[in-house]
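Asks: Okay, here's the prediction I keep looking at, along with the sequence it came from:
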Amino acid sequence: MLSGTASPKTGGTELKRIVFDEETIARRVRELGQEITTRYSDGELLVLGLLKGSFIFLSDLVRRIDRPLQVDFLVAASYGAETVSSGNVRLLYDPETELAGKHILLVEDIVDTGRTLNRLVSLLKERGPRSLEICALLHKHIAEHLALEPAFIGFDAPKAFLVGYGLDHAQNFRHLPYIASLT
Ligand code: IMP
């Protein structure tokens, strides 16, 4: 068990508190894997990780799903108001895998305002998937309107800024094995 948050991994930075420790995350990821396995009894499943934040969660999660699946990633970037794009989201990396006719499970690290998800949902629906669901590790429940509520949620998150287990602050702290609040 960790006694404090300052460590070689944080470069000595003292984080405010550990919100979800390693064992708690591992237990919940195992449960999510079981929920997802049960939900998809047939058809092709494509697990789509939204980079960068979902990379650790996704790699742990897919190992807990007991059925055939494919993995691909999305890298999205927001456009400024002056730039024309589909729903204001531009895909920096577009999955090479065909989406049409497959169950798509979009894996996200954290739902905050929901803006990213809202834009991606309409973009992905245009590709003609058999179904589209979201699995979010964390949900702050502050989004006013979500085009699609996550069907799978790891944890309800406090309204603090969280880091670790893939989540960053200025690209730091992604490699912490636990989730901590920075502020
Ligand atoms: P949204 O579009 O406001 O829902 O923001 C989603 C994205 O913002 C997430 O995928 C994260 O990359 C980032 N984000 C939101 N809240 C946090 C946080 O507490 N810590 C780290 N990243 C966050």
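Replies: Noted; the coordinates are in hand. Numbering: from 1, shown residues only.
Asks: What residues are bridge-paired with the residue nearest the centre of the chain?
Replies: Most central in the chain under C-alpha atoms, centre = their mean is E108, positioned 1.7 Å from the mean C-alpha point. With DSSP bridges as the criterion, E108 is bridged to A136.
Asks: Look at it and report its pLDDT.
Replies: E108 is assigned a predicted lDDT (pLDDT) of 97.
Asks: That one and the ligand: what is the separation?
Replies: 6 Å (C-beta to the nearest ligand atom, to the nearest Å). To be clear about C-beta, it is placed using only N, CA and C from the backbone, and glycine gets the same treatment.
Asks: Do I have it right that that residue meets G53?
Replies: Yes. Counting by C-beta atoms under 8 Å, G53 is a contact partner of E108 at 7.3 Å.
Asks: Residues of this structure that sit close to the ligand?
Replies: Residues of the chain lying close to the ligand by C-beta under 6 Å from any ligand atom are 53, 108-116, 161-162, 167.
Asks: Could you dump these into a markdown table with distance to L123 added?
Replies: Listed next are the residues of the chain next to the ligand as a markdown table, based on distance: C-beta to C-beta, whole Å:
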| residue | distance to L123 |
| --- | --- |
| G53 | 18 |
| E108 | 14 |
| D109 | 18 |
| I110 | 19 |
| V111 | 17 |
| D112 | 19 |
| T113 | 17 |
| G114 | 15 |
| R115 | 13 |
| T116 | 11 |
| F161 | 27 |
| L162 | 26 |
| L167 | 23 |
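Asks: Name the member of these with the most neighbours.
Replies: When neighbours are counted by other C-beta atoms under 10 Å, L162 leads the residues of the chain next to the ligand with 28 neighbours.
Asks: which ones are touching that residue?
Replies: Contact partners of L162, counting by C-beta atoms under 8 Å, 6 or more residues apart in numbering, are 19, 110, 138, 179-182.
Asks: Provide a ChimeraX selection command restricted to the buried entries of those residues.
Replies: Selecting only the buried entries of these in ChimeraX, with 16 or more other C-beta atoms under 10 Å as the criterion:
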select :19,110,138,179,180,181,182
